[in-house]
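Asker: Kindly generate the corresponding structure for this input.
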Amino acid sequence: MKNRKNYIIAFIIFLILEIIIGKYATGFIRYSMGDVLVMPAMFYLIRIFTSALKKTLPILLFIFACGVEFMQYIGICDILGIPDGSILRIIIGTTALWGDIICYGAGTIMIYIFMILTKGEKRYD
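Answerer: You can find the predicted model right below:
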């Protein structure tokens, strides 16, 4: 149970950072750091509910993020007819950028660094 509390706290911290960045930041911080920090946020959200895939989860999340970026590239929101300004369109996004994939990669590396610093999360499992 203790591990779940740590993951909940970590997720909440990353979620708050994402909200602050989305609401107040501009330039590099808004367009890059938000994409970097979304990876550990998703990681800790999933880790709240499962301890499976500990070592591969960051890579799976990176593949998922790249998949979302590809969907943006092909214009999935337009294909599905998702209206402008809708929450779903904001969540999915509409602009595919190579820089986003680089940021997701940096976020994935950040997760692995956290795992190393916490000794592979063994103390939380």
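Asker: Stretch 22-35: how far from the chain's middle?
Answerer: 14 Å (Cα atoms, centre = their mean, to the nearest Å).
Asker: Oh, that last question was meant for stretch 102-117, not what I typed.
Answerer: 11 Å.
Asker: State the mean pLDDT of it.
Answerer: The pLDDT scores in stretch 102-117 average 95.
Asker: how about it: buried residues?
Answerer: Judged by neighbour count (16 or more other Cβ atoms under 10 Å), stretch 102-117 contains these buried residues: 103-105, 107-108, 110-111, 115. (Glycine included, C-beta is placed from N, CA and C.)
Asker: Let me know how buried A52 is, in neighbour terms.
Answerer: Using other Cβ atoms under 10 Å, A52 has 9 neighbouring residues.
Asker: one step back: nearest to F43, of the buried residues of stretch 102-117?
Answerer: Closest approach to F43 among the buried residues of stretch 102-117 (Cβ to Cβ): I111, at 5.0 Å.
Asker: Leaving out chain neighbours, which residue sits closest to that closest one?
Answerer: Nearest non-adjacent residue to I111, counting by Cβ to Cβ, 6 or more residues apart in numbering: P58, 4.3 Å away.
Asker: could you give the mean pLDDT of the longest helix belonging to the chain?
Answerer: Longest helix in the chain by number of residues, with DSSP state H as the criterion: helix 2-24. When pLDDT is averaged along helix 2-24, the result is 91.
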